[in-house]
Every structure is written in structure tokens, then in C-alpha cells.
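[1] okay, sequence plus prediction incoming.
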Amino acid sequence: QVQLVESGGGLVQAGGSLRLSCVASGRTFSRNVMGWFRQAPGKAREFVASISWGTYNTYYADSVKGRFTISRDNAKNTEYLQMNSLKPEDTAVYYCAAGAKGGITSWEYDYWGQGTQVTVSS
């Protein structure tokens with residue numbers, strides 16, 4: 001079992017930055033692919049970024065590539081999402097996810113956090 005708790009969301013002006021954190025509990029954190037998804041009101045949950053557990057390979061949605069950076073610290077059981085040059089369209093609830101397989105679809109993840117709100121004002 002892995003339990004995930006996100007933090008770091010908030011209100012920021014367009015062009016600003018935020019860093020989200022996700023702390024995991026459970027012995028298998030280091031062997032899980034970690035990901036971030038987001039869901040805006042009235043829209044489906046969408047993939048943002050993921051990072052593998054062994055090689056630390058990263059993948060990004062085209063909409064955030066070059067602006068967001070995902071990272072993880074297995075010693076601290078924590079993953080991060082550094083978000084720069086934020087846009088109003090980045091406004092959503094951001095969810096941390098973990099899974100043995102990982103990928104860009106939500107069904108590939110087994111564990112989810114409760115979400116943290118990110119609001120970008122224009």
C-alpha cells in the first residue's frame with residue numbers, strides 16, 4: 001500500500017511559479033512510477049508528467065513541456081512538480097499518483113492523493 005499527500009498548491013498570477021510536493025508512505029515508493037495529473041472543472045482528468053523509479057526517465061504532456069519539471073527523492077519518499085511560467089489554463093486540481101506500471105493514462109496508476117488546487121489568475 002502507498003498513501004500519497006500533496007501540498008504546495010495555491011493562487012498565483014500568470015507567469016508565476018509554484019512547486020507541488022507529494023509525500024508517500026509505504027515501503028514500495030521507490031519502486032513505483034510517480035505521476036502528476038490534473039483536472040479542471042468540467043473536464044476529464046489529464047496526464048501532466050511522470051517519472052520512472054529506476055532510470056528517472058521523465059515524460060511530459062505537450063501542454064506543459066518546457067515549463068514544468070517533475071522530480072523525485074526516493075530517500076525522502078517525495079516527488080515534486082516545479083511549475084514555471086504558469087498560465088490561466090493550468091488552473092486545476094493537481095493529483096499525485098503512483099503505480100507499478102505508470103504511463104499517461106489514469107488507469108495505469110494504483111494510488112492517488114487527495115489533490116491540491118492550483119489557480120492561476122490572468
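    On my side now, so go ahead. Residues are numbered from 1 along each chain as shown.
[2] which SSE is residue 80 in?
    Using DSSP states H and E, residue 80 maps to strand 78-83.
[3] by contact count, what packs against the helix or strand following that strand?
    Using DSSP H and E, the helix or strand that follows strand 78-83 in sequence is strand 92-99. Applying 3 or more Cβ pairs under 8 Å, 6 or more residues apart in numbering; DSSP states H and E, one finds that strand 92-99 contacts strand 3-7, strand 18-25, strand 33-39, strand 111-112, strand 116-121. All C-beta spots, glycine's among them, are computed from the backbone N, C-alpha and C.
[4] one step back: now the strand holding residue 80 - C-alpha only, PDB.
    The C-alpha coordinates for strand 78-83 follow below in PDB (Å, rounded to 0.1, in the frame of the first residue of the first chain):
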ATOM      1  CA  THR A  78       8.700  12.600  -2.100                       C
ATOM      2  CA  GLU A  79       8.100  13.700  -5.600                       C
ATOM      3  CA  TYR A  80       7.900  17.200  -6.900                       C
ATOM      4  CA  LEU A  81       6.400  19.200  -9.700                       C
ATOM      5  CA  GLN A  82       8.100  22.500 -10.400                       C
ATOM      6  CA  MET A  83       5.700  24.700 -12.400                       C
END
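[5] how about residues contacting that strand?
    Strand 78-83 is contacted by residues 17-24, 34, 36, 48-49, 51, 64, 67-73, 90, 94, 96, 118 when judged by Cβ atoms under 8 Å, 6 or more residues apart in numbering.
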